[in-house]
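Student: Got a predicted model here, sequence first, then my questions.
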Amino acid sequence: MRMTAEKMTAPAPPPVRTLVAIATYNEFENLPRLVAEVFQHAPSVELLVVDDNSPDGTGRWCDQFSAVEPRFHVMHRSGKLGLGTAIVEAIRYAAERDFDFLVTLDADFSHAPGIIPGMVLGMSGSDGAAVDVMIGSRYVPGGAVEGWPWKRLLMSRFVNAYARFWLKLQARDCSSGFRCYRMQVLKRVAWDRMRSRGYSFLEELLWMLSRAGARIAETPIVFVNRRHGESKIDLREGFAALWILFRLRWG
């Protein structure tokens, strides 16, 4: 019995759904331009802003834009609750709506939106094996940092070296916030055991995913220091990260 070409054609796979998440606090100077660039380079994604009650009008702009752009969503929180909890909120949002990938990036143009399509494409793996986490890395060949004072660069280098040594992580840039996650692997994380709330959340999540058997890869990026607004990272945040990483090994 001969089958027609129509019957032999396999059904097309469903389109890959990607959510881009941005945590904000007083980013009105940057966010409208950043959102425009994300949609310019990755028009098929949806974008979620998790705003911590920014007094500069960031949340108000998000409400206005979400009313006219169906790909754009906003989540309002009561105050500054930390980067880690904002990422967890984004993960829950993506899981509840069956997204395949979650991309996180900073709101200050430190991470180039044009890299997003390549990061998602790289999740298929250059050797055919699926990647679970793709890190936009400053510290692999081809990566770089522009505009940082030497003290901040030294702190970042030290925290990353400490994380690799103490937690046995293989990634060169364990503290990069520019990442693409496969949602399926994020379901393996025991969120009730997470200790971090601030920037150390990035290292802790990478450690937990590594322990869960996630395949982690890196792609080079050029990190550019913010031109507008104020950085939320200081020495206190750096020392807090070191203390939490120290506790993880023994926990």
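Tutor: All right, it came through fine.
Student: drop to CA atoms for contacts and neighbour counts, all remaining ones
Tutor: Will do.
Student: what separates F246 from C174, distance-wise?
Tutor: 15 Å (Cα to Cα, to the nearest Å).
Student: Which one of the two is surrounded by more residues?
Tutor: C174 (29 against 15; other Cα atoms under 10 Å).
Student: for that one, helix, strand, or coil?
Tutor: Assigned with DSSP: H, G, I helix; E, B strand; the rest coil, C174 falls in the coil class.
Student: now M75
Tutor: strand.
Student: Name the residues of stretch 189-198 that come out as buried.
Tutor: 195-198 (16 or more other Cα atoms under 10 Å).
Student: pLDDT below threshold where in the stretch 101-250 of the chain?
Tutor: The stretch 101-250 of the chain contains residues with pLDDT under 70 at 127-128, 227-238, 249-250.
Student: try 90
Tutor: 124-129, 148-152, 154-156, 158-159, 162-168, 187-200, 211, 226-250 (pLDDT under 90).
Student: Can you give me the distance of the closest residue to P117 other than its chain neighbours to R179?
Tutor: Nearest non-adjacent residue to P117, counting by Cα to Cα, 6 or more residues apart in numbering: A42, 6.2 Å away. In this view, A42 and R179 are 15 Å apart by Cα to Cα.
Student: so who does V74 touch?
Tutor: 48-51, 59, 62-63, 66 (Cα atoms under 8 Å, 6 or more residues apart in numbering).
Student: go on, S78?
Tutor: By Cα under 8 Å, 6+ apart, the neighbours of S78 are 52-53.
Student: Mind checking what secondary structure it has?
Tutor: coil.
Student: what does the model give it for pLDDT?
Tutor: We have a pLDDT of 94 for S78.
Student: which residues in this protein form helices?
Tutor: Shown for the chain, the helices assigned by DSSP state H span residues 5-8, 31-41, 58-66, 83-96, 116-121, 150-167, 183-186, 201-211, 235-250.
Student: can you redo these as CSV with distance to L19?
Tutor: As requested, those are exported to CSV (distance: least, Cα to Cα, whole Å):
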stretch, distance to L19
helix 5-8, 34
helix 31-41, 11
helix 58-66, 15
helix 83-96, 7
helix 116-121, 11
helix 150-167, 27
helix 183-186, 10
helix 201-211, 18
helix 235-250, 27
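Student: Excluding chain neighbours, what is closest to the most centrally placed residue in the chain?
Tutor: Centroid check for the chain by Cα atoms, centre = their mean gives T104 as the closest residue, at 2.3 Å. Spatial nearest neighbour of T104, excluding adjacent residues (Cα to Cα, 6+ apart): A21 at 5.0 Å.
Student: try V45
Tutor: V45 sits nearest to T18 (Cα to Cα, 6+ apart), 5.2 Å away.
Student: I'd like to know the beta-bridge partner residues of the one you found.
Tutor: F101 (DSSP bridges).
Student: Any figure for the gap between it and D106?
Tutor: 17 Å.
Student: same deal with W191?
Tutor: 22 Å.
Student: ditto for G57
Tutor: Taken as Cα to Cα, the span from G57 to D106 is 18 Å.
Student: Please identify which of those two sits among more neighbours.
Tutor: Using other Cα under 10 Å as the criterion, G57 and D106 rank with D106 on top: 19 against 14.
Student: For the more buried one, which non-adjacent residue is spatially closest?
Tutor: I22 (6.1 Å).
Student: Kindly report the same for F65.
Tutor: F72 (7.4 Å).
Student: you'd agree T219 is up against Y139?
Tutor: No: using Cα atoms under 8 Å, T219 makes no contact with Y139, being 9.5 Å away.
Student: ok, back up a step: just list the residues touching the residue nearest to P117, thanks.
Tutor: Applying Cα under 8 Å, 6+ apart, the residues contacting A42 are 114, 116-117.
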